[in-house]
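Participant: got a predicted model here, sequence first, then my questions.
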Amino acid sequence: MELPKAYMNEIRKITGYWGTYFPSNRLMPGMVGRVKDGLFENDRMLSESPGFDPALHGVGEPEPSRNLVQVWQSENVSAITVRADANVPGVPASGAIKFGFSKANNAVMICRALRGQGFQHLGQVKTLLHDLLEAGRWDTDLCLITEVRLVEAAWICFATSSDQEAVVSASGSVGLGLGPIDALKDLAAKGELSTSWNSSKSAGYKTELTEGGTPLFLAIRFKRSIPFVGAYDLQFLKGDSRLFEEPEFGEAENALRAP
């Protein structure tokens, strides 16, 4: 399975959002584009469309930042605390968590200060898309990014084959009594992390995002087929969410291959 397709599908599975690929790409609500080779290819901004009204169709400010850490991992991923000095009572363990990937195409995503940003009035935006479609100014293969999840920092590991190990380490220490995931959240909240691979097969894929990164997003487009609905019925059905669907990213036959 090609890397982009496998990555986007697995991130969707564990988080409910599409994984931005490449994860370092910066996305924002209001981007209009197409699915090309399984990926989102930006074409323009919705704000460039006729009839766009910032008050009705504008994007809201990002949610307030909270220094919380969220961790997602695939079902077949294990986690243990390593380099723990258990022989010295009262001394915290050094900061390292080892993830074991028993299967290929499994992921771990760690996000600090994750917050959302999207349209203030999505229903009004859908009505605008109907107007543009009726006016011949919108193609049904176009998709619109409706929401992104921003981070203060993120660390992502993705196994490209089975039996791989990734180590997430930090300069801080792990409090005694914490399980691996709670320890990881503690480390990510307090300081910077670094990731490395331990595998005789391949190096896997990993990346680290900085402030303002958008590793997760949602998008909509008109459904490929709308039963019992013709072009003349669009006026009647404006705002009907049943006319829209999530594009299937990562599903193209000619998706990019892993580097």
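Facilitator: Yep, it's here. Residues are numbered from 1 along each chain as shown.
Participant: and the helix or strand F40 falls within, how far from the chain's centre?
Facilitator: Using DSSP states H and E, the element containing F40 is strand 39-45. From the chain centre to the centre of strand 39-45 is a distance of 16 Å (CA atoms, centre = their mean, to the nearest Å).
Participant: adjacent strands (with direction) for it?
Facilitator: strand 31-36 (antiparallel) (DSSP bridges).
Participant: in the partner strand, what counts as buried?
Facilitator: Judged by neighbour count (16 or more other CB atoms under 10 Å), strand 31-36 contains these buried residues: 31-33, 35. In short, each C-beta sits where N, CA and C put it, glycine included.
Participant: just after the strand holding F40, pick out the following helix or strand.
Facilitator: Next along the chain from strand 39-45, counting by DSSP H and E, comes helix 54-57.
Participant: after that following helix, next one along is what?
Facilitator: Heading C-terminal from helix 54-57 (DSSP H and E), you reach strand 69-73.
Participant: any idea how far that next one is from the chain center?
Facilitator: So, by CA atoms, centre = their mean, the centroid of strand 69-73 is 12 Å from its chain's centroid.
Participant: could you do stretch 19-38 as well?
Facilitator: Remark: stretch 19-38 is offset 10 Å from the chain centroid, using CA atoms, centre = their mean.
Participant: got the end-to-end distance for it?
Facilitator: Using CA to CA, to the nearest Å, one end of stretch 19-38 lies 12 Å from the other.
Participant: pLDDT of that stretch, averaged?
Facilitator: For stretch 19-38, mean pLDDT rounds to 93.
Participant: so L218 makes contact with T20?
Facilitator: No - using CB atoms under 8 Å, L218 makes no contact with T20, being 11.1 Å away.
Participant: the two: which is more packed in?
Facilitator: Shown here are L218 and T20; by other CB atoms under 10 Å, T20 has more neighbours (25 against 18).
Participant: what about the strands in the stretch 151-259 of the chain?
Facilitator: Taking DSSP state E, counting those that start in this stretch, the strands of the stretch 151-259 of the chain run over residues 153-158, 164-174, 193-198, 205-209, 213-222, 244-245.
Participant: L27 is nearest to which of those?
Facilitator: Smallest distance to L27 across the strands of the stretch 151-259 of the chain (CB to CB): 4.6 Å, for strand 213-222.
Participant: next, the angle from the closest one to strand 39-45.
Facilitator: Calculated by axes from the mean of the first three to the mean of the last three CA atoms, to 10 degrees, strand 213-222 forms an angle of 80 degrees with strand 39-45.
Participant: and strand 213-222, which strands flank it?
Facilitator: When DSSP bridges is applied, strand 213-222 pairs with strand 18-19 (antiparallel), strand 143-151 (antiparallel), strand 244-245 (antiparallel).
Participant: now it: buried residues?
Facilitator: For strand 213-222, by 16+ other CB under 10 Å, it's 213-222.
Participant: picking that back up, wait, which of the strands paired with strand 213-222 is closest to F52?
Facilitator: Among the strands paired with strand 213-222, strand 143-151 comes nearest to F52, with 12.0 Å by CB to CB.
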